[in-house]
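A.B. asks: below is the sequence, then the predicted model.
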Amino acid sequence: MNFESIPPVWLDETDSTNAEAMRMLKRGKPLEGSCIVARYQSEGRGQRSNHWNSRPGENLLASFILYPPESVARHPFLLSKSVALAVHGTLQHFTPGRVQIKWPNDILINGKKAAGILIENQWLGSHWHAAVVGIGINVNQREFKLDHATSLASTTSEVISPETVLNELQTRFSSMYHSLCKGEDEYISAEYHRLLFGSDRNQSYITAEGQIEARVIQVFDDGRIELLTDQGFSQTFDLAELRLIY
C-alpha cells in the first residue's frame, strides 16, 4: 500500500505524535502507513530523552505506524536507515543545501540539524508487532535555542507549507519502506553510508574516555558505529557511548 493514499490524521495539539500513535495501536490495528500529524506537541521527544522544541504550526511533526516483517526484525536498525534516507530525500527535494545523515537519527542541512527521527516499538511477547516512526522536520521556524539547528526556510528563504513537505515525505517513505520489506538491504546500507556525515573527514566526539577526533567508517545493522581515530585506531560505539561535538 502507498502511504500517500492514506489520509493523515491532523491534530491541532497533542503531547507527542508518537504517544498518540501508541494509543491508536492499543485501541486497534490502524492501516500500515497511517500517519498522525500535529501542529504543536507539548512533550515532543528525541533520542536520549531530549526534548524536541518546535513552534506551533511552523514545522512538520508526524508519526507513522508500521508492521515490519520478520526479516526486518532481525536487523532493526535497517528500518532507521531507510527512514533516514526518506527524510534525507524529502529535505533535498526542497533545499539546494547539502543534506547529510548524522548517526544515529538526525538529518543535517549544511552541517546543522534540520530533522530528527525517533522510532519506538510495540512488542507482543517476543514478537515485534509494530513500529512507530516519529519524524520532526524544521520547515518554517527560523529561530532556535541551539546554534546548530536550521530549517528548510532558513536555507531556501521561502515559506513551505508543512502539508507540502508531508506529501513528499509520504511518497519517499513509502518507497523506501517497500525497498526494505523486499530485502534490498545492500542498496539501503550503501545509500545510507554514501550520505553519512563525518565519513569524509574527522569530527570531534565525546566518549567515556574523553574527546577524540575520528572519521566514520561504517554503521552496522544493529546500530553500532565504527570510527577510525586520528591515531589510526578503529573503535566501535553504541548510542549511549558517543556524542558528536558540533
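C.D. replies: Noted; the coordinates are in hand.
A.B. asks: ramachandran coordinates for Arg172?
C.D. replies: phi -70, psi -40 (degrees, to the nearest 10).
A.B. asks: who's in contact with stretch 201-218?
C.D. replies: With C-beta atoms under 8 Å, 6 or more residues apart in numbering as the test, stretch 201-218 has contacts from 103, 193, 196-200, 225-230, 234-235, 237, 241-245. For glycine as for every other residue, the C-beta is placed from the backbone atoms N, C-alpha and C.
A.B. asks: so which residues of the protein form helices?
C.D. replies: Ranges of helices within the chain are 17-27, 70-73, 77-94, 152-156, 162-181, 185-194, based on DSSP state H.
A.B. asks: so among the contacts of stretch 201-218, which ones count as buried?
C.D. replies: Trp103, Leu196, Phe197, Gly198, Ser199, Ile225, Leu227, Leu228, Gln235, Phe237, Leu242 (16 or more other C-beta atoms under 10 Å).
A.B. asks: looking at the protein, which strand is longest?
C.D. replies: If you go by DSSP state E, the chain has its longest strand at strand 112-124.
A.B. asks: mean confidence (pLDDT) on that strand, please.
C.D. replies: Strand 112-124 comes out with an average pLDDT of 93.
A.B. asks: next, the buried residues of it.
C.D. replies: So, applying 16+ other C-beta under 10 Å, buried residues of strand 112-124: Lys112, Lys113, Ala114, Ala115, Gly116, Ile117, Leu118, Ile119, Glu120, Gln122.
A.B. asks: dump those residues into TSV; add distance to Asp147 as well.
C.D. replies: Shown next, in TSV, are the buried residues of strand 112-124 (distance: C-beta to C-beta, whole Å):
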residue	distance to Asp147
Lys112	8
Lys113	10
Ala114	14
Ala115	17
Gly116	16
Ile117	21
Leu118	22
Ile119	27
Glu120	28
Gln122	36
